[in-house]
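Q: Fold the following, please.
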Amino acid sequence: MNKIKKIIFLIVIFTLILGNYNLAFGAETTNNENIKAVIEKYFDNYYKSFQKMDVINSNEFLEDNDNTYFNKAVQEFMVEGDKAIGLYYKDYKVSLDYKDISISGNNATVKVLMHLDYVYSTTPNSISSLSSDYTFNLVKSNKKWKLSSINCNSLAADCFKTLVNKKVKQGLSQRDAITKAKEEKMKSIEQTKKYIDGSAATIKQQVVGSSLVTPATSFTYNRMLGRNYAQRFAEESDLNERFFYTVPDESGGDCTNFVSQCVWAAYGGYVEGNDTLSKSNISNKVRMVNGTYTTGWFGGRVGGGGSGKWESVTNFWSYATSSKTYGPKGTGVNNNNPYYNLSPSAIKYGDVLQFGELTDYHHSTFVTYTPTSPQYYSDILISYHSYDNYNANLWDVIISFGGNDCYMRQIYFGTAQFSS
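A: The predicted model follows:
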């Protein structure tokens, strides 16, 4: 009898333990599902705002703090910037790859890779795409999860952060600095809209061209090959799948490294359909210029490095447009002048565009789409690293860099000499 009682007791204990485990597992599953639902709704509202040209209110699942206020400000002025010229998303699709969901009581941290495919109204036959790592923090209150912080790698956010930080250094609180910076952005958009509507005169620009001496083996600049390389690698998030090394953000970012790769590809370093030969060309510095860190123009394979002229915004400009025996033959246009002095019709796919606030250039991009005769900046699509975007609209980058305060210079390329 005692033995039977003991067995019954053990069964009861086991049942209670199993029940508690199931309850805990069920609660964790429910939390995960609810958290994912909030994040998915956030992205849907965010990008639908660019489709509707009107910011969709997401306050129901956003905590009110400086971080979320900052992110809402970025969304508001970017939507307003597109709306000013009638630019919108015709369609979009968000894909989320959840890397980690950590829950501790009423707090959660989520790491997710967001991939966006979208189509601009001005380029309906071209698909644009963006990949970005996000880290979300969430808090649970009254049984509902809300986003308490949103952190990602974004060109518009980084440019805006620089402006906000300047105002904080002037003595404003973080919230007031964000408000003031957003007001300036909105005013800049209004002024930019008036300008592109025809209220200013075009200024003739200086052209800086490189010339090559001592003819050697000539190689034409194949714009399409450069574009195809950009299409393949603009968004490759697995660093080990890339052909070249990556410059980390703390070392200046990967934008000019990527642009140099596209130029290298256009000169024939990239052999479509033969990755083995393409990688061999990198190792052997084919269509590059050997030398030291300060004298050469070269980039290495994954895990390696490159020269200053290969990966620095300003050094690349100076080198590409200089006279030399070997190396890319670039012609520079519109240096140290605002974007509106460079006509959209002068920009072709395969060109390089560099950006800065006033004359502080710090971002390089590769033009991956233009119609036959572009009339507007929004007709042009560009690709770049550091923010891993393929076919971003040129207009969005101009707005990110301050509208009329955006300085934009161009490099276009011709037949060049290389030793191999």
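Q: okay, now Pro124: neighbour count?
A: 10 (other CB atoms under 10 Å). C-beta: built from backbone N, CA, C; applies to glycine.
Q: which residues does Gln410 bridge with?
A: Taking DSSP bridges as the rule, Gln410 bridges to Leu353.
Q: again, but for Val367
A: Under DSSP bridges, the beta-bridge partners of Val367 are Ile382.
Q: Next one: it, what pLDDT does it get?
A: Val367 is assigned a pLDDT of 98 by the prediction.
Q: you'd agree it is up against Ala346?
A: No. If you go by CB atoms under 8 Å, Val367 and Ala346 don't touch, sitting 11.1 Å apart.
Q: More neighbours: which of the two?
A: The neighbour count for Val367 versus Ala346, taken as other CB under 10 Å, is higher for Val367 (25 against 13).
Q: residues touching the more buried one, list them.
A: Counting by CB atoms under 8 Å, 6 or more residues apart in numbering, Val367 makes contact with Ile347, Lys348, Tyr349, Gly350, Asp351, Val352, Leu353, Ile380, Leu381, Ile382.
Q: which one of these has the most neighbours?
A: Busiest of the contacts of Val367 [other CB under 10 Å] is Ile382, holding 28 neighbours.
Q: just checking, that residue touches Thr370?
A: No. At 9.6 Å, Ile382 does not count as touching Thr370 under the criterion of CB under 8 Å.
Q: so who does Ser307 touch?
A: Gly291, Thr292, Tyr293, Thr294, Thr295, Gly296, Trp297, Phe298, Gly299.
Q: Can you tell me, leaving aside adjacent residues, what's nearest to it?
A: Gly296 (4.5 Å; CB to CB, 6 or more residues apart in numbering).
Q: what's the answer for Pro338, then?
A: Spatial nearest neighbour of Pro338, excluding adjacent residues (CB to CB, 6+ apart): Tyr407 at 5.7 Å.
Q: Thr220 now?
A: Excluding the flanking residues, the one nearest Thr220 by CB to CB, 6+ apart is Thr415, at 5.1 Å.
Q: Can I get the strand or helix carrying that neighbour as CSV, trimmed to CA atoms?
A: Per DSSP states H and E: Thr415 is located in strand 406-418. Provided in CSV are the C-alpha atoms of strand 406-418 (Å, rounded to 0.1, in the frame of the first residue of the first chain):
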residue,chain,number,x,y,z
CYS,A,406,24.2,68.7,-49.9
TYR,A,407,27.4,68.8,-52.0
MET,A,408,27.7,66.2,-54.7
ARG,A,409,30.6,65.6,-57.1
GLN,A,410,30.8,63.2,-60.0
ILE,A,411,33.5,61.0,-61.5
TYR,A,412,33.1,59.4,-64.9
PHE,A,413,35.6,57.0,-66.3
GLY,A,414,37.2,56.3,-69.7
THR,A,415,39.7,53.9,-71.2
ALA,A,416,42.7,53.4,-68.9
GLN,A,417,46.1,51.7,-68.8
PHE,A,418,47.0,48.9,-66.4
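Q: So which elements touch that strand?
A: For strand 406-418, the packing partners by 3 or more CB pairs under 8 Å, 6 or more residues apart in numbering; DSSP states H and E come out as strand 217-219, helix 313-320, strand 327-333, strand 352-357, helix 394-400.
Q: Relative to the shortest one, what are the paired strands and their orientations?
A: Take DSSP bridges as the rule and strand 217-219 pairs in its sheet with strand 406-418 (antiparallel).
Q: Outline the domain layout of this structure.
A: 2-76+84-152, 207-418 (automatic domain parsing).
Q: Kindly check the end-to-end length of the longest one for me.
A: Between the opening and closing residues of domain 207-418 there is a gap of 24 Å (CA to CA, to the nearest Å).
Q: chain center to that domain: distance?
A: Remark: domain 207-418 is offset 15 Å from the chain centroid, using CA atoms, centre = their mean, to the nearest Å.
Q: again, but for the first one
A: Computed by CA atoms, centre = their mean, the chain-centroid distance of domain 2-76+84-152 equals 22 Å.
Q: average pLDDT across stretch 194-213?
A: 58.
Q: need the domains of the chain in CSV with distance to Arg175, can you?
A: CSV is the format used below for these (distance: least, CB to CB, whole Å):
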stretch, distance to Arg175
domain 2-76+84-152, 6
domain 207-418, 22
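Q: looking at those, which is buried most?
A: Among the domains of the chain, ranked by average contacts under mean count of other CB atoms under 10 Å, first place goes to domain 207-418 (a mean of 19).
Q: thinking again about what came up before, looks like the residue nearest to Pro338 contacts Phe355 (just checking).
A: Yes. With contact defined as CB under 8 Å, Tyr407 reaches Phe355; the gap is 7.0 Å.
Q: Quickly list what's touching both of these two.
A: Tyr361, Phe401.
Q: residues contacting the residue nearest to Pro338?
A: Here Tyr407 is in contact with Asn336, Asn337, Pro338, Tyr339, Phe355, Gly356, Glu357, Leu358, Thr359, Tyr361, Phe401 (criterion: CB under 8 Å, 6+ apart).
Q: Nearest to Asp54 among those?
A: Closest to Asp54 out of the contacts of Tyr407 is Phe401 (23.8 Å), distances taken as CB to CB.
Q: give the contact list for that closest one.
A: With CB under 8 Å, 6+ apart, Phe401 has these contacts: Cys159, Phe355, Gly356, Glu357, His363, Tyr407, Met408.
Q: How much space separates it from Asp133?
A: Applying CB to CB, to the nearest Å, the value for Phe401 to Asp133 is 23 Å.
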